[in-house]
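Trainee: build me a model from this:
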Amino acid sequence: MYWRMAHDEVSLGDLSALVLLLEVGSLTRAAETLQVSQPSLSKTLRRLRAHFGEPLLVRVGLSMRPTP
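Mentor: Below is the predicted model of the structure:
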């Protein structure tokens, strides 16, 4: 049976990427760790931001910091 996520749903992989982003504070380092391209991880972050209606992470200098 073929199952497809709705556009507004997030996957366990998306949430795992968010946890890694929170841990390392860098899209580039997180993408390297996950062995995906930085644009691909940026797309995942955009999807998470849209799903939760929050920025989640914002750029502060050269790093990404969680929002309050």
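
Trainee: can you pull up the most central residue in the protein?
Mentor: The centre of the chain sits closest to residue 45, judged by Cα atoms, centre = their mean, with a distance of 3.3 Å.

Trainee: give me the secondary structure label for residue 51.
Mentor: helix (DSSP: H, G, I helix; E, B strand; the rest coil).

Trainee: which stretches of the protein have low pLDDT?
Mentor: 1-8 (pLDDT under 70).

Trainee: ok, now which ones touch the residue nearest to the centre of the chain?
Mentor: By Cβ atoms under 8 Å, 6 or more residues apart in numbering, residue 45 lies in contact with 17, 18, 21, 27, 56, 57. Where you see a C-beta, it was placed from the backbone N, CA and C, and this is true even at glycine.

Trainee: next, give phi and psi for it.
Mentor: When read as degrees, to the nearest 10, the backbone of residue 45 gives phi -60, psi -40.

Trainee: can you pull out the helices in this protein?
Mentor: Taking DSSP state H, the helices of the chain run over residues 12-24, 27-34, 38-52.

Trainee: can I get those in TSV including distance to residue 67?
Mentor: Formatted as TSV, the helices of the chain follow (distance: least, Cβ to Cβ, whole Å):
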stretch	distance to residue 67
helix 12-24	11
helix 27-34	15
helix 38-52	10
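
Trainee: just name the most buried of the ones you listed.
Mentor: Comparing these by mean neighbour count (mean count of other Cβ atoms under 10 Å), helix 27-34 ranks first with a mean of 17.

Trainee: for that one, name the packing helices and strands.
Mentor: Packing partners of helix 27-34 (3 or more Cβ pairs under 8 Å, 6 or more residues apart in numbering; DSSP states H and E): helix 12-24, helix 38-52.
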